[in-house]
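K.L.:
Sequence and predicted model, in that order:
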Amino acid sequence: MKIPRLDKTVIMYLIFGVLTTAVNAGAYFICGRLGVPNVPSTAIAWAVSVLFAFVTNKLFVFESRDFSLGGLAREMGGFFASRALTGALDVGIMFLAVDVMGFNSMLWKIISNVIVVILNYIFCKIIFKNK
């Protein structure tokens with residue numbers, strides 16, 4: 001059986017996906033330690049990790065070198081819109097799992113982030129198309 005070879009983009013996305021997840025979980029943890037409630041902590045963690053993800057995805061993962069005003073506007077608009085969608089999904093998962101069902105918040109933060117990372121890769125392949 002032949003094992004599929006991962007291309008550089010997938011490997012880089014996985015590396016920066018893990019780092020983005022760490023940024024997200026770290027921000028969530030810090031907010032929690034500061035007494036910020038669950039849903040606002042999740043939203044703050046999302047915002048911090050999206051800023052980190054845009055820069056790393058544009059420059060290192062998909063190697064987009066379009067720095068024109070129109071190109072940046074298109075990429076940022078698409079990126080932030082897709083992240084808003086997956087961010088809302090993250091908040092929804094965290095609300096249901098932690099606030100409604102009483103499950104462990106850090107475990108569900110990790111589960112939620114795995115789902116979000118997969119969806120975000122699909123969106124990024126569309127947003128940062130190499131021409």
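P.N.:
Thanks, I have the structure now. Numbers count the residues shown, from 1 in each chain.

K.L.:
going forward, measure contacts and count neighbours with C-alpha atoms only.
P.N.:
Noted.

K.L.:
So what touches stretch 75-85?
P.N.:
Stretch 75-85 is touched from outside by 50, 54, 120, 123, 124, 127, 128, with contacts defined as CA atoms under 8 Å, 6 or more residues apart in numbering.

K.L.:
hey, where'd the helices end up in this protein?
P.N.:
Ranges of helices in the chain, per DSSP state H, are 8-33, 38-56, 69-94, 105-127.

K.L.:
what distance separates the shortest one from the middle of the whole chain?
P.N.:
Shown here is helix 38-56, whose average C-alpha point lies 8 Å from the average C-alpha point of the whole chain (CA atoms, centre = their mean, to the nearest Å).

K.L.:
and what of stretch 82-101?
P.N.:
On CA atoms, centre = their mean, the centre of stretch 82-101 falls 13 Å from that of its chain.

K.L.:
any idea how far the closest residue to residue 66 other than its chain neighbours is from residue 40?
P.N.:
In space, not counting the residues next to it along the chain, residue 66 is nearest to residue 72; the distance is 6.8 Å by CA to CA, 6 or more residues apart in numbering. Residue 72 sits 29 Å away from residue 40, going by CA to CA, to the nearest Å.

K.L.:
What of residue 90?
P.N.:
12 Å.

K.L.:
Then residue 93?
P.N.:
Counting by CA to CA - residue 93 and residue 40 are separated by 14 Å.

K.L.:
Pass me the low-pLDDT residue ranges in this structure, would you?
P.N.:
1-5, 130-131 (pLDDT under 70).

K.L.:
quick one on the thing from earlier: could you double-check that the residue nearest to residue 66 lies in contact with residue 59?
P.N.:
No - using CA atoms under 8 Å, residue 72 is not in contact with residue 59; the gap is 12.0 Å.

K.L.:
For burial, what's the neighbour tally of residue 48?
P.N.:
16 (other CA atoms under 10 Å).

K.L.:
Excluding chain neighbours, give the residue nearest to it in space.
P.N.:
Per CA to CA, 6+ apart, closest to residue 48 is residue 24, 6.9 Å.

K.L.:
ok, now which ones touch the one you found?
P.N.:
45, 46, 48, 49.

K.L.:
Could you identify which of those residues has the most neighbours?
P.N.:
residue 46 (26 neighbours).
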